[in-house]
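In: A predicted structure for the sequence below; I have some questions about it.
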Amino acid sequence: MKQRGGYWSPLSQYARLVEEVGELGRELNFQFG
């Protein structure tokens, strides 16, 4: 997953963050929704 020798572009970091938040939200919705 690492790009450019371990440097992540801001867009890649943002995309990864959104993906993680989406997973967390889906899990919370499954448990408490």
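Out: Looks like it arrived, so ask away.

In: just the pLDDT at Lys2, thanks.
Out: As predicted, Lys2 sits at a pLDDT of 54.

In: which positions within stretch 8-15 qualify as buried?
Out: For stretch 8-15, burial by neighbour count (16 or more other CB atoms under 10 Å) applies to no residue. (Each C-beta comes from the backbone N, C-alpha and C, glycine too.)

In: now that stretch: mean pLDDT?
Out: 90.

In: look at the residue lying closest to Arg16 once chain neighbours are set aside and give its secondary structure.
Out: Excluding the flanking residues, the one nearest Arg16 by CB to CB, 6 or more residues apart in numbering is Trp8, at 7.5 Å. Secondary structure assignment for Trp8 (DSSP: H, G, I helix; E, B strand; the rest coil): coil.

In: Ala15 versus Trp8, what's the distance?
Out: According to CB to CB, to the nearest Å, Trp8 stands 10 Å off from Ala15.

In: this protein: helices as residue ranges?
Out: In the chain, the segments counted as helices under DSSP state H are 10-32.

In: from Tyr7, how far off is Glu23?
Out: Taken as CB to CB, the span from Glu23 to Tyr7 is 24 Å.

In: list the contacts of Tyr7.
Out: Taking CB atoms under 8 Å, 6 or more residues apart in numbering, we find Tyr7 in contact with no residue.

In: roughly how far apart are it and Gln13?
Out: Separation of Tyr7 from Gln13 (CB to CB): 10 Å.
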